[in-house]
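Engineer: With the sequence up front, the predicted model follows.
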Amino acid sequence: MKKIILSIIALFGILNTKGQENTNPQPSKKLTFEEANLVSSYYSQDGNNSAVTGGIGTEKLNDISNAIDVTMVKYDSKNRKNKFGISVGIDHYTSASSDMIDLKANSSASHADTRIYPALSWSRENENNGFTLMAGLSTSTEYDYQSYSANIGIAQKTPNKMGEFTAKFQAYMDQVKMVAPIELRNDPSALSSGTQGRNTYALSLAYSQIINPNLQIEILGDAVQQTGYLSLPFHRVYFSDSSVHQETLPDTRFKIPLGLRANYFLGDHFILRAYYRYYTDDWGLKSNTLSLETPVKISPFVSVSPFYRYYSQSAAKYFAPYQQHTAFDDFYTSNYDLSKFDSHFYGAGVRLNPKNGVFGISRLNMLELRYGHYTKSVGMKSDIISMNLRFR
């Protein structure tokens with residue numbers, strides 16, 4: 001990790017030198033560098049409700065994630081601002097619960113996996129009339145899952161530039177590899193070979209408004225339709241007669257999340273960031289999310305951001321614990337992500353914006369470290385620590 005960080009710092013130093021050569025204050029008609037972010041994180045969890053083993057057993061998992069995104073800007077002949085973004089992320093995880101797909105293996109191929117997820121984005125803003133057009137492509141690849149997605153959207157600011165309406169449509173085309181629990185691979189009724197498709201279509205609407213110099217609000221709403229194979233083939237379900245089955249869920253799901261975000265500025269040193277979301281779907285799951293983050297500026301170059309998020313959900317109508325389902329059920333899962341539970345996520349971040357840049361590199365203008373601890377009422381807990389380096 002130290003070598004990686006030093007290499008990135010050296011790269012930023014080179015970009016910093018090149019960036020200082022451009023002193024033209026006019027909008028550049030050439031493609032120019034605007035911003036880069038490097039985010040690295042380590043995540044660890046444990047619990048005793050693994051869906052792989054039917055709602056019981058270890059949920060121990062460790063994940064190391066690294067992602068970098070770069071944004072470039074170019075003004076066209078009509079003086080419209082074009083932004084081009086490219087990002088690449090790599091996650092590597094080890095999972096004790098996934099290793100139990102094969103109950104007899106000491107360590108199977110599913111014990112560890114690597115996910116790679118590149119993305120491209122573009123937006124074009126007319127700064128005179130406040131209209132923005134945007135689009136993007138992305139993909140995600142791991143051992144048993146392949147996803148492709150595309151999005152397109154528009155944004156329109158109000159005439160006084162105090163409000164903005166945004167509409168975005170996203171489509172995900174996924175393929176799930178049929179990796180069945182080992183004891184079901186010779187069962188003719190089980191899905192244990194080939195792939196199954198899963199499609200997701202999401203329409204997102206948002207309106208943000210500057211109420212006054214101290215208060216900004218945003219209203220958000222989504223409509224999400226999923227179709228296809230919505231189960232996971234290696235999730236076991238144990239019936240009351242002790243027989244084992246593959247998780248079976250409906251092939252459609254409709255979701256509606258609604259949210260409200262508000263930022264209130266308390267002078268020059270405090271910001272209150274509040275967020276509330278209500279969620280409902282046709283599987284019977286309903287949830288409420290409430291979060292609060294309070295950045296506090298300790299000095300012109302250092303700020304601390306404690307945060308807390310509370311989440312509560314009802315159970316989906318297809319969920320039941322270990323050995324609670326029966327043969328009369330058409331759909332069944334023992335995945336505790338679909339159970340009734342409450343959760344708490346809290347922690348803090350520290351952000352450094354040195355006047356002369358991080359590590360003395362003037363355009364490496366931000367270093368942020370964050371730590372969070374997560375607990376579920378059903379017994380799962382996790383920790384995450386992350387680092388973000390931003391270069392402009």
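Structural biologist: All right, it came through fine. Residues are numbered from 1 along each chain as shown.

Engineer: partners of V73 in the sheet?
Structural biologist: Assessed by DSSP bridges, V73 has beta-bridge partners T32, K83.

Engineer: and if you look at A155?
Structural biologist: T132, T166.

Engineer: give the contact list for it.
Structural biologist: The contact partners of A155, by C-beta atoms under 8 Å, 6 or more residues apart in numbering, come to 125, 131-132, 134, 164-167. Using the backbone N, CA and C atoms, a C-beta is placed for each residue, glycine as well.

Engineer: filter the residues you listed to the buried ones?
Structural biologist: For those, a burial check counting by 16 or more other C-beta atoms under 10 Å picks out 125, 132, 134, 164-166.

Engineer: want to throw these into a markdown table with pLDDT?
Structural biologist: Conversion of the buried ones among the contacts of A155 to a markdown table gives the following (pLDDT from 0 to 100):
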| residue | pLDDT |
| --- | --- |
| E125 | 97 |
| T132 | 98 |
| M134 | 98 |
| E164 | 98 |
| F165 | 98 |
| T166 | 98 |
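
Engineer: which of the residues you listed sit farthest apart?
Structural biologist: E125 and F165 (14.1 Å; C-beta to C-beta).

Engineer: Return the member of the buried ones among the contacts of A155 nearest to M366.
Structural biologist: Checking those against M366 by C-beta to C-beta gives E125 as the nearest, at 23.4 Å.

Engineer: List the neighbours of whichever strand or helix holds the closest one that are in contact with it.
Structural biologist: Using DSSP states H and E, the element containing E125 is strand 112-126. Strand 112-126 has contacts (C-beta under 8 Å, 6+ apart) with 69, 76, 78, 80-95, 98, 131-144, 155.

Engineer: Show me the shaky parts of the stretch 101-250 of the chain.
Structural biologist: Low-confidence segments of the stretch 101-250 of the chain (pLDDT under 70): 102-110.

Engineer: Would you mind listing the buried residues in the strand holding E125?
Structural biologist: Judged by neighbour count using 16+ other C-beta under 10 Å, the buried positions of strand 112-126 are 113, 115, 117, 119, 121, 123-125.

Engineer: The stretch 151-300 of the chain: strands as residue ranges?
Structural biologist: 163-177, 195-212, 215-228, 236-238, 244-246, 252-266, 270-281, 286-293, 296-299 (DSSP state E, counting those that start in this stretch).

Engineer: Among those strands, show me which one is buried the most.
Structural biologist: strand 236-238 (a mean of 24; mean count of other C-beta atoms under 10 Å).

Engineer: Report all helices and strands that that strand contacts.
Structural biologist: Secondary-structure packing of strand 236-238 (3 or more C-beta pairs under 8 Å, 6 or more residues apart in numbering; DSSP states H and E): strand 244-246.

Engineer: so what strands line up beside the strand it packs on?
Structural biologist: Applying DSSP bridges, strand 244-246 is found paired with strand 236-238 (antiparallel).

Engineer: what about F84, neighbour count?
Structural biologist: 15 (other C-beta atoms under 10 Å).

Engineer: Not counting its neighbours along the chain, what's nearest it?
Structural biologist: Nearest residue to F84 in three dimensions, chain neighbours excluded: M72, at 4.7 Å (C-beta to C-beta, 6 or more residues apart in numbering).

Engineer: those helices in the stretch 1-150 of the chain, which residues are they?
Structural biologist: 2-20 (DSSP state H, counting those that start in this stretch).

Engineer: these two touch, right, Q216 and G163?
Structural biologist: No: using C-beta atoms under 8 Å, Q216 is not in contact with G163, being 10.0 Å away.

Engineer: intersection of neighbour lists for those two?
Structural biologist: Jointly contacting Q216 and G163 under the rule C-beta under 8 Å, 6+ apart are 208-210.

Engineer: what's Y229 in contact with, if anything?
Structural biologist: The contact partners of Y229, by C-beta under 8 Å, 6+ apart, come to 176, 196-198, 251.

Engineer: Just give me the neighbour total for A320.
Structural biologist: A320 has 22 neighbours, counted by other C-beta under 10 Å.
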